[in-house]
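Chemist: Sequence first, then the predicted structure, then my questions.
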Amino acid sequence: MAEKNISVTLKVWRQASADKPGKFETYKVKDVSTGSSFLEMLDILNEELQKEGKEPFAFDNDCREGICGMCSLVINGVPHGPGRGITTCQLHMRSFKDGDVIVVEPWRASAFPVIRDCVVNRDAFDRIIQAGGFTNINAGSAQDANAIPIGKADADAAMDAAACIGCGACVAACKNASAMLFVSAKVTHLARLPQGQVEKRKRVLAMVAQMDKEGFGNCTNQYECQAACPKEISVDCIAKMNREYLSATVVEPA
Amino acid sequence: MSWIFKYVNSSIGKKQLMAVTGGCLLGFLLVHFVGNCTLLIPDEAARAEAFNKVADTYASLKFLLYVAEAGLVVLFGVHIVNALRTWRENRAARAAGYEVQTRVGDKSLPSFVMIYTGTFLLAWLVLHILTFKFGKGVFADIIPHDGQITLYDVVSFWFSQSWYAAIYVIAMLCLGFHLWHGVGSVFQTLGLRHPKYTPIIEFCGKCYAALIGGGNAIIVITCFLREACK
């Protein structure tokens, strides 16, 4: 594809720290190649800002290949920007036109406080995982890979749910800042497999309790999360978690 | 017992209580709507007789009617209380809003206005109960159709008032909107999702919303026009 250069106007959220009020700043980025990624365009912006002696714009990023879940920008009102099934780092400037005004904001959720500019604190997700997003297995020498047969449908569904990279786009997209898609992806991933079924009831109760404690909102079944998810996790997971939570409440002894 | 408190105070528990109570109210709405359909009978004497017969049947239940009414109060109460709790929490969960928020999901307008349609319906419900249950001849001079004032006389009097009929039509559109998102949500929230059945449930839910909301609105409009054209 023939690439060309475009100029865009960025309206980005700048906030010095969590306890200071933030505001939008407008910057122009000139002659950026449509072949560069959105984050590369921001790198160019930061080089310019540094040249001018200004504070660079802070944004989260790491692997830049869509698997680490660090990048987290709401671009023109959509987490990870336009395009489906991609993270911000996989978004390219060819998705924009010359002269476009692009609004860049952080994930907005009370459970994800802003650290600086568009970097937010997503420790809440880690605490939810710590509450039960794991299996306890006495690990000796590795057993034969085929010792536990798993049906293809279950293996596929577990793998689809395990694709969650924990970026938090679901929370950012939800009008209620609900973490149901993230938590349900973890619950589904493990509950679908024999290794995870042993602790599935304790797990769902603990993870939902932690999710509520972190101050995420409630699901109102609008499925914005599913549409914004870079890994296209399905709301089937949310239904499964609803079911698991109800049965765990009824069956679990304590 | 602590598990019960944990459940009813959990995010999923609150939603499931709303789903179960909402689901039960769907049944009530259908029965109510079927009774309302007697108002579409063209001949006035037959219409009044049929409508009053439905009302009398309920009245003849005596004690059971009170039990049923208490049940309805509980259903509405649990549904509304949990709706308000989740609404408040949802607002707190996003204290700072977005400058730009673009909807990317496939859900339509009704899902975004549930709290507003619900609030309007609650206000309307007060009016509905005041005028039809407790307002027999209290709020206005109602002319009896046949000797004494029957529920049919009350209903036809109020539906002949343009402002009253207008509020009802708006309320029924709100109800249709509320159910458009609500019926499918009941199943999703209870975890009843399946690749084979969910599309059918979603479709039937929308048909149900159109039937109850649209059907009741048509009944009100018919009653109003009938009186207006007299």
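Modeler: Okay, I see it.
Chemist: Okay, and residue A:32 sits in which element?
Modeler: strand A:23-33 (DSSP states H and E).
Chemist: helices and strands around that strand, which ones?
Modeler: Contacts defined by 3 or more CB pairs under 8 Å, 6 or more residues apart in numbering or on different chains; DSSP states H and E place strand A:23-33 against strand A:5-14, helix A:38-51. No exception for glycine: its C-beta is placed from N, CA and C like everyone else's.
Chemist: What strands line up against that strand, and which way round?
Modeler: Counting by DSSP bridges, the strands paired with strand A:23-33 are strand A:5-14 (antiparallel).
Chemist: Buried residues in the partner strand, which are they?
Modeler: A:6, A:8, A:10, A:11, A:12, A:13, A:14 (16 or more other CB atoms under 10 Å in any protein chain shown).
Chemist: Can you check what angle separates that strand from helix A:38-51?
Modeler: Here strand A:5-14 runs at an angle of 70 degrees relative to helix A:38-51 (axes from the mean of the first three to the mean of the last three CA atoms, to 10 degrees).
Chemist: How about residues contacting strand A:5-14?
Modeler: Residues outside strand A:5-14 that contact it (CB atoms under 8 Å, 6 or more residues apart in numbering or on different chains): A:22-34, A:41, A:45, A:57, A:93, A:96-106, A:117-118, B:99.
Chemist: Using neighbour counts, trim those residues to the buried set.
Modeler: Buried members of those, scored by 16+ other CB under 10 Å, are A:22, A:27, A:29, A:32-34, A:41, A:45, A:57, A:93, A:96, A:102-106, A:117-118.
Chemist: tell me the contacts of the residue lying farthest from the centre of chain B?
Modeler: Ranked by distance from the centre of chain B (CA atoms, centre = their mean), the top residue is residue B:99, with 35.1 Å. Residue B:99 sits next to A:11, A:13, A:24, A:103, A:105 when contact means CB under 8 Å, 6+ apart.
Chemist: Secondary structure element holding residue A:103?
Modeler: Using DSSP H and E, residue A:103 sits in strand A:101-106.
Chemist: Quick one: list the elements packing against that strand.
Modeler: strand A:5-14, strand A:73-75.
Chemist: Reformat those strands as CSV; add distance to residue A:188 and mean pLDDT.
Modeler: Listed next are the helices and strands packed on strand A:101-106 as CSV, based on distance: least, CB to CB, whole Å; pLDDT from 0 to 100:
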stretch, distance to residue A:188, mean pLDDT
strand A:5-14, 33, 97
strand A:73-75, 26, 97
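Chemist: The nearest residue to residue B:206 once chain neighbours are set aside: neighbouring residues, count only.
Modeler: Spatial nearest neighbour of residue B:206, excluding adjacent residues (CB to CB, 6 or more residues apart in numbering or on different chains): residue B:180 at 5.8 Å. When neighbours are defined as other CB atoms under 10 Å in any protein chain shown, residue B:180 has 23 of them.
Chemist: ditto for residue B:161
Modeler: 15.
Chemist: Show the backbone phi and psi for it.
Modeler: Torsion angles at residue B:161 (phi, psi; degrees, to the nearest 10) stand at phi -80, psi 120.
Chemist: just residue A:215 next, same as before
Modeler: Torsion angles at residue A:215 (phi, psi; degrees, to the nearest 10) stand at phi 90, psi 20.
Chemist: For residue 111, give me its contacts.
Modeler: Using chain A here. By CB under 8 Å, 6+ apart, the residues touching residue A:111 are A:124, A:171, A:177, A:179, A:214, A:215, A:216, B:93.
Chemist: looking at chain B here, not the other one
Modeler: By CB under 8 Å, 6+ apart, residue B:111 lies in contact with A:220, A:221, A:222, B:181, B:185.
Chemist: thinking again about what came up before, distance to residue B:61 and pLDDT added to the contacts of residue A:111, as CSV?
Modeler: Below are those laid out as CSV (distance: CB to CB, whole Å; pLDDT from 0 to 100):
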residue, distance to residue B:61, pLDDT
A:124, 52, 97
A:171, 49, 98
A:177, 46, 97
A:179, 47, 98
A:214, 49, 97
A:215, 47, 96
A:216, 45, 97
B:93, 44, 97
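Chemist: got TSV for the residues you listed, with distance to residue A:151 and neighbour count too?
Modeler: Formatted as TSV, these follow (distance: CB to CB, whole Å; neighbours: other CB atoms under 10 Å in any protein chain shown):
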residue	distance to residue A:151	neighbour count
A:124	34	23
A:171	32	32
A:177	36	27
A:179	29	31
A:214	34	21
A:215	38	17
A:216	32	31
B:93	37	25
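Chemist: if you look at those residues, which of them are in helices?
Modeler: Assigned to helices by DSSP state H, the following of the contacts of residue A:111 qualify: A:124, A:171, B:93.
Chemist: For chain B, which residue gets nearest to chain A?
Modeler: residue B:191 (2.8 Å; CB to the nearest CB).
Chemist: The residue nearest to that residue when sequence neighbours are not counted sits in which helix or strand?
Modeler: In this structure, residue B:191 finds its nearest non-sequential neighbour in residue A:243, 2.8 Å apart by CB to CB, 6+ apart. Residue A:243 is located in helix A:236-251, with elements delineated by DSSP H and E.
Chemist: contacts for that helix?
Modeler: A:161, A:180-181, A:183-185, A:187-188, A:191, A:200-202, A:204-205, A:208, A:219, B:3, B:6-7, B:10, B:12-13, B:15-16, B:188-193, B:195.
Chemist: And these, which of them are buried?
Modeler: The neighbour count (16+ other CB under 10 Å) marks A:161, A:180-181, A:183-185, A:187-188, A:191, A:200-201, A:204-205, A:208, A:219, B:7, B:10, B:12-13, B:15-16, B:188-191, B:193 as buried among the contacts of helix A:236-251.
Chemist: Return the subset of these lying in helices.
Modeler: Taking DSSP H, the ones among the buried ones among the contacts of helix A:236-251 that sit in helices are A:161, A:180-181, A:183-185, A:187-188, A:191, A:200-201, A:204-205, A:208, B:7, B:12-13, B:15-16, B:188-189.
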